[in-house]
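*Asks:* sharing a model that was predicted from the sequence below.
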Amino acid sequence: MCGSGDKPPKPSANGAGTCAPGATAQTCPLKKPHLVELVEVVARSPLGAVVGAGAASPQLATKTTRSDKNGAQFKQYINLGKDIDGADKRHPEYGRAVELRARVEGEGSLAGLSVVFRFELTPGANRPAGMTGAVKEGFGADGGAATTSASTDAEGWTSTVELHVSQYAGDQFKVFAKLSDGGAELSIGVFEVWRKFWYQVTRADTHAVPAPAKSVAAYAKVCADMLAADEVTFTKASTPASTFYPGWMVKQGGGAADESVIGGHNKSHFQPLLKDEPGKPVKGHLIICQHQWDPFGTSDLVTEQIDASPSAEITVDLKAWNAGLVKPALSGALVALGEWKQGADSGPLTDADIVIEQARGGLDRVKVKLPAGAPTPSAASPVTVKLKLNYGKFYAGESTGRQMLIVYDGSEAKFNQVVAHEFGHGFGQVPRPGTETAPLGAQPKFYDDAHGGVGPHCSTEATEVADASTSSGKRWTNGSCIMFHQVNPGGCKQLFCAACEPHLKLRNFSSLG
């Protein structure tokens, strides 16, 4: 105590102030314990401070600095484990828990003082009421507490306090601390709930592919960072047969240059090209091709009388609108059944007898050139040919977990919709009834194969039309959401619609598939 005639106290180990020489009890009162800092910490051997959301500590070594921000908010990536790069590189910005400590200074004993922590939540857009989860937002091992208290040690430090942020992307958390018996309140933050994932592009070395900028922007709107990983390229020589075709073979009006065709016949060759990179556990594999075709089926029997060899074009009923014939076939033989016949004479037709020309009138058109030994057809003596041909169907993309086939044919709008769409499927969008993340109920624009497409999709701003090829007899057309089942370059808004957004903001994002 600084009484009359007493010597001024020496500075304390915790940095508390001292009295000037000659001070009295009236001019130098005892410095009451007070809160001097609230810091974020990380348990890297030893424990240290995290700079960014909070200031550096004069007593703790700075271990890392937060740099991922959304405006003034610091991103907390809840879908990634803190120790994915090892405990010595623990990421404070990963996981549901933010770790904090506070420190008190003052005269006398600093041990056993109680510091109260609390948080303020600013809800993300369209946040549902009644949030649930195994770990709730708030303090404590299981979350859920609006406040918590921690006692100080002899140096004035509290033990580490954990705040669990919510599962809903865009929620913001600011943390406050003060001594339980009053005094100034300090704050730290704001922490905002985000998710993070990566994509690997695998493409032909001759196929220039743009960055999926609009896909990245669409995921940023639902508070998810979509980041590029290492790229892989392949050559024609390194791929299986039926990977490259001249452009005109697979697209009406296409050119003569070879273009990549990947689908059910060869995609297993490309899937192992996905690289496992340390620190990037949630990564999708974008296998980029110029055309996605799958071997699909066998045509109806076509019977034609030809009066020339090669014949005029023969139209083959492929029983599907997005289908075509290529030579060589995607897989196996092109000809499933082939026969020529004139009177009592007949013989087989094989792949060698089927002609596909660059100027053909449609992807379902072929010509027949009769084999050696067959009669010469004429108007007076026609030859009857019978054919069943194996054909393929073409699509804009597909996803099976981490593996995604994506078409890039020069349209960036189409490309971006497909990339974002297939990642959406990978993260469980659109959720089928009964698979939604609580407390959300059914996505009101959900539909499935019965109304078009393959799998669950979104009908926001779509129009229903009659379509006998669907099991319901109806199909949605011209939807504006990324999760609409058809590519819609002019009508897609390149965003997840208001019906999809809250579902994506609650999905796990810790894996694809």
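*Replies:* Alright, I've got the coordinates.
*Asks:* all helices of this structure, in order?
*Replies:* 213-221, 247-250, 267-270, 412-426, 501-506 (DSSP state H).
*Asks:* okay, those helices in JSON lines with mean pLDDT next?
*Replies:* Listed next are these as JSON lines, based on pLDDT from 0 to 100:
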{"stretch": "helix 213-221", "mean pLDDT": "98"}
{"stretch": "helix 247-250", "mean pLDDT": "97"}
{"stretch": "helix 267-270", "mean pLDDT": "98"}
{"stretch": "helix 412-426", "mean pLDDT": "96"}
{"stretch": "helix 501-506", "mean pLDDT": "97"}
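*Asks:* pull the contacting residues for residue 447.
*Replies:* Residue 447 is in contact with 456-459, 476, counting by CB atoms under 8 Å, 6 or more residues apart in numbering. The C-beta positions use only the backbone N, C-alpha and C, and glycine is treated the same way.
*Asks:* can you lay out these as JSON lines showing distance to residue 450?
*Replies:* Listed next are these as JSON lines, based on distance: CB to CB, whole Å:
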{"residue": "456", "distance to residue 450": "11"}
{"residue": "457", "distance to residue 450": "11"}
{"residue": "458", "distance to residue 450": "15"}
{"residue": "459", "distance to residue 450": "12"}
{"residue": "476", "distance to residue 450": "10"}
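*Asks:* which of the residues you listed fall in strands?
*Replies:* Counting by DSSP state E, the contacts of residue 447 place 457-458, 476 in strands.
*Asks:* list the helices and strands the longest strand that the chain contains packs on?
*Replies:* Secondary structure assigned by DSSP E gives strand 186-204 as the longest strand of the chain. Contacts defined by 3 or more CB pairs under 8 Å, 6 or more residues apart in numbering; DSSP states H and E place strand 186-204 against strand 34-42, strand 73-77, strand 97-105, strand 172-179, strand 224-228, strand 232-234, strand 283-289, helix 412-426.
*Asks:* so in that sheet, which strands flank it, and in what orientation?
*Replies:* Note on strand 186-204: by DSSP bridges, its sheet partners are strand 73-77 (parallel), strand 172-179 (antiparallel), strand 224-228 (parallel), strand 232-234 (parallel), strand 283-289 (parallel).
*Asks:* what mean pLDDT does the last one have?
*Replies:* With pLDDT averaged residue by residue, strand 283-289 scores 98.
*Asks:* try stretch 180-193
*Replies:* Rounded mean pLDDT across stretch 180-193 is 95.
*Asks:* just give me the neighbour total for the nearest residue to residue 271 once chain neighbours are set aside.
*Replies:* In space, residue 271 comes closest to residue 403 once its chain neighbours are excluded; the distance is 5.0 Å by CB to CB, 6 or more residues apart in numbering. Residues near residue 403, counting by other CB atoms under 10 Å, number 21.
*Asks:* residue 403 against residue 285, yeah?
*Replies:* Yes. Residue 403 is in contact with residue 285 according to CB atoms under 8 Å; the separation is 5.2 Å.
*Asks:* give me the common contacts of those two.
*Replies:* Shared contacts of residue 403 and residue 285 (CB under 8 Å, 6+ apart): 271, 274.
*Asks:* separation between the closest residue to residue 174 other than its chain neighbours and residue 267?
*Replies:* Residue nearest to residue 174 in three dimensions, not counting chain neighbours: residue 189, with 3.8 Å by CB to CB, 6+ apart. To residue 267, residue 189 is 46 Å away according to CB to CB, to the nearest Å.
*Asks:* between the two, which one's more packed in?
*Replies:* residue 189 (24 against 17).
*Asks:* residue contacts, the more buried one?
*Replies:* Going by CB under 8 Å, 6+ apart, residue 189 touches 53, 74, 172-175.
*Asks:* out of those residues, which are buried?
*Replies:* Applying 16 or more other CB atoms under 10 Å to the contacts of residue 189, the neighbour count classes 53, 74, 172-175 as buried.
*Asks:* can you put those in JSON lines and add distance to residue 35 and pLDDT?
*Replies:* Putting the buried ones among the contacts of residue 189 into JSON lines (distance: CB to CB, whole Å; pLDDT from 0 to 100) gives the following:
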{"residue": "53", "distance to residue 35": "17", "pLDDT": "96"}
{"residue": "74", "distance to residue 35": "22", "pLDDT": "98"}
{"residue": "172", "distance to residue 35": "23", "pLDDT": "98"}
{"residue": "173", "distance to residue 35": "20", "pLDDT": "98"}
{"residue": "174", "distance to residue 35": "16", "pLDDT": "98"}
{"residue": "175", "distance to residue 35": "13", "pLDDT": "98"}
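*Asks:* residue 483: which of those residues is nearest?
*Replies:* Nearest to residue 483 among the buried ones among the contacts of residue 189 is residue 172, at 26.5 Å by CB to CB.
*Asks:* strands along the stretch 201-350 of the chain, start to end?
*Replies:* Using DSSP state E, counting those that start in this stretch, the strands assigned to the stretch 201-350 of the chain run over residues 224-228, 232-234, 244-246, 258-262, 283-289, 291-298, 302-306, 314-315, 323-324, 335-342, 345-348.
*Asks:* if we can go back for a sec, what angle separates the longest strand of the chain from strand 97-105?
*Replies:* Note on geometry: by axes from the mean of the first three to the mean of the last three CA atoms, to 10 degrees, strand 186-204 and strand 97-105 are set 150 degrees apart in direction.
*Asks:* among the helices and strands of the protein, which has the poorest mean pLDDT?
*Replies:* strand 397-400 (a mean of 90; mean pLDDT, DSSP states H and E).
*Asks:* spit out the contact partners of the most centrally placed residue in the chain.
*Replies:* The residue lying closest to the centre of the chain (CA atoms, centre = their mean) is residue 423, at 4.1 Å. By CB under 8 Å, 6+ apart, residue 423 lies in contact with 197, 199, 215, 219, 226, 284, 399, 404, 512.
*Asks:* any idea how far the fifth one is from residue 428?
*Replies:* Residue 226 sits at a distance of 16 Å from residue 428 (criterion: CB to CB).
*Asks:* equivalent analysis for the last one, please.
*Replies:* When distances are taken as CB to CB, residue 512 and residue 428 turn out to be 9 Å apart.
*Asks:* do the fourth one as well
*Replies:* Distance check for residue 219 against residue 428: by CB to CB, it reads 14 Å.
*Asks:* and for the second one?
*Replies:* Relative to residue 428, residue 199 is positioned 17 Å away (CB to CB).
*Asks:* and what of the third one?
*Replies:* Using CB to CB, one gets 17 Å for the distance from residue 215 to residue 428.
*Asks:* okay, the two: which has more neighbours?
*Replies:* Counted by other CB under 10 Å, residue 215 and residue 428 do not tie: residue 215 has more neighbours, with 24 against 20.
*Asks:* wouldn't that one be in contact with residue 424 here?
*Replies:* No. With contact defined as CB under 8 Å, residue 215 does not reach residue 424; the gap is 9.8 Å.
*Asks:* who touches residue 320 in this structure?
*Replies:* 296-297, 391, 393, 469.
*Asks:* which one of the residues you listed is nearest residue 316?
*Replies:* residue 391 (7.5 Å).
*Asks:* what residues does residue 164 make contact with?
*Replies:* Residue 164 touches 96-98, 135-140, 143, counting by CB under 8 Å, 6+ apart.
*Asks:* same question but for residue 314, I mixed them up
*Replies:* Residue 314 is in contact with 302, 304, 306, 365-368, 385, 387, counting by CB under 8 Å, 6+ apart.
*Asks:* point out where this protein drops to low pLDDT.
*Replies:* 1-30 (pLDDT under 70).
*Asks:* can you rerun that using 50?
*Replies:* 1-17, 25 (pLDDT under 50).
*Asks:* quick one: residue 108 and residue 33 touch, right?
*Replies:* Yes. If you go by CB under 8 Å, residue 108 and residue 33 touch, sitting 7.2 Å apart.
*Asks:* who has more neighbours out of those two?
*Replies:* Counted by other CB under 10 Å, residue 108 and residue 33 do not tie: residue 33 has more neighbours, with 21 against 11.
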